[in-house]
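Undergrad: Just need the structure, nothing else, for what follows:
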Amino acid sequence: MQLFFRIILVVIVFTVISIQHGYSQISLGVGITPGLGYLRSSQLKQMGPVIEEQDNAQLCDYKTRAAFQLGFHAVVQYRLTHQINIVAMPGINIFQSTYNSTFTKNESLGGDDYIEHRIVSIAKFKGTQFQIPIFAKYYLIPDKPYFATAGLNFSYNSKMKMYSEEDSITTSFIGSGLGASSKKDYDYSNIKIDGYKPFQMHMILGIGTSILTGYRRNLDIELSYYIPLTSSPYYTTDAAYSAQALNNKVFTQDGKESLEKSTGKNLNHYRMHMINLTVRYLIFTRVK
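TA: Residues are numbered from 1 along each chain as shown. Sure thing, here's the model as predicted:
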């Protein structure tokens, strides 16, 4: 957290010095960043087939799903040359991601008869990020509005929560027909994720266009991809939830450690990906 505020201080100091030394143009504005976010672990994906083999199961699969996220930012833009700008956007972002998982195992009753045990799970992650994206904005063609961006995003994640929905379905298949079926639901909300690294860093790559809306007022529309440069585990130490979790036990400390030991996989390297559509509006511009 201290590093995060140090970065903010550097950005503010740089802005003040730029104004005092009469650099060409400094602009201030606001921004909004709707987008998609998702957590991904290749090790978790690879764990499924290992569990299938160990448990003699028909299916064990974990799939990540992108979820909507939304950010609000202040904008500080310093124009170096006619085509090059340096932009900083301190603000907050509400990050979300989803994991879907399915586990299926058949219990033989002899002959063609069997009981199917199926678990369908959803784990939804949600957290607040304090972000400082700092990047260069380069206009590709002089006097044209199209630009590319590249830079780094520094973020501090806090209040990470998980929402768990799991269905345990038991179905009997007798002869060629469907027999009895039962279902149990296990739903939990606001599960505190306390096993994670709060500091994250991303490389930013984007493209966009500027629209002149008035004297020295520009509206930027940009599509950008935040490529993760850091990774982190994500798990809870909540004992009450851990005792009831099914597929989602992989997101508990005990379940994570047990599965790592039995499968040889490492679940400490989830990476946080983000795809954003940023809208920046420059409200004030000072030229010297």
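
Undergrad: Strands along the stretch 151-288 of the chain, start to end?
TA: Counting by DSSP state E, counting those that start in this stretch, one finds strands in the stretch 151-288 of the chain at the ranges 177-192, 199-214, 217-228, 271-287.

Undergrad: Can you give me the neighbour number for the nearest residue to H82 once chain neighbours are set aside?
TA: Nearest non-adjacent residue to H82, counting by CB to CB, 6 or more residues apart in numbering: P142, 6.6 Å away. For every residue, glycine as well, the C-beta is placed using N, CA and C. A count of neighbours around P142, defined by other CB atoms under 10 Å, yields 7.

Undergrad: just S121 next, same as before
TA: The tally of other residues near S121 (other CB under 10 Å) stands at 23.

Undergrad: okay if I get the strands of the stretch 151-288 of the chain as CSV plus distance to Q244, mean pLDDT and mean neighbour count?
TA: Compiled in CSV, those are given as follows (distance: least, CB to CB, whole Å; pLDDT from 0 to 100; neighbours: other CB atoms under 10 Å):
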stretch, distance to Q244, mean pLDDT, mean neighbour count
strand 177-192, 6, 87, 12
strand 199-214, 30, 93, 16
strand 217-228, 31, 94, 18
strand 271-287, 27, 93, 18
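
Undergrad: Now distance to G255 too, for these, in TSV please.
TA: Output for the strands of the stretch 151-288 of the chain, formatted as TSV (distance: least, CB to CB, whole Å):
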stretch	distance to G255
strand 177-192	13
strand 199-214	24
strand 217-228	24
strand 271-287	20
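
Undergrad: Would you tell me which of those gets closest to A240?
TA: A240 lies closest to strand 177-192 among the strands of the stretch 151-288 of the chain, at 8.9 Å (CB to CB).

Undergrad: Direction included, what does that closest one pair against?
TA: strand 146-174 (antiparallel) (DSSP bridges).

Undergrad: in the strand it pairs with, what counts as buried?
TA: Applying a neighbour-count criterion of 16 or more other CB atoms under 10 Å, one finds 147-149, 151, 153-157, 160, 162-166, 168, 171-173 buried in strand 146-174.

Undergrad: With stretch 227-246 instead?
TA: Taking 16+ other CB under 10 Å as the criterion, stretch 227-246 shows 228, 232-236, 238, 241-242, 245-246 as buried.

Undergrad: Just give me the closest of these to Q253.
TA: Q253 has its nearest neighbour among these in Y235, at 5.1 Å by CB to CB.

Undergrad: does the closest one really touch E260, like I thought?
TA: No. Judged on CB atoms under 8 Å, Y235 makes no contact with E260 at a distance of 10.8 Å.

Undergrad: No more questions from me, cheers.
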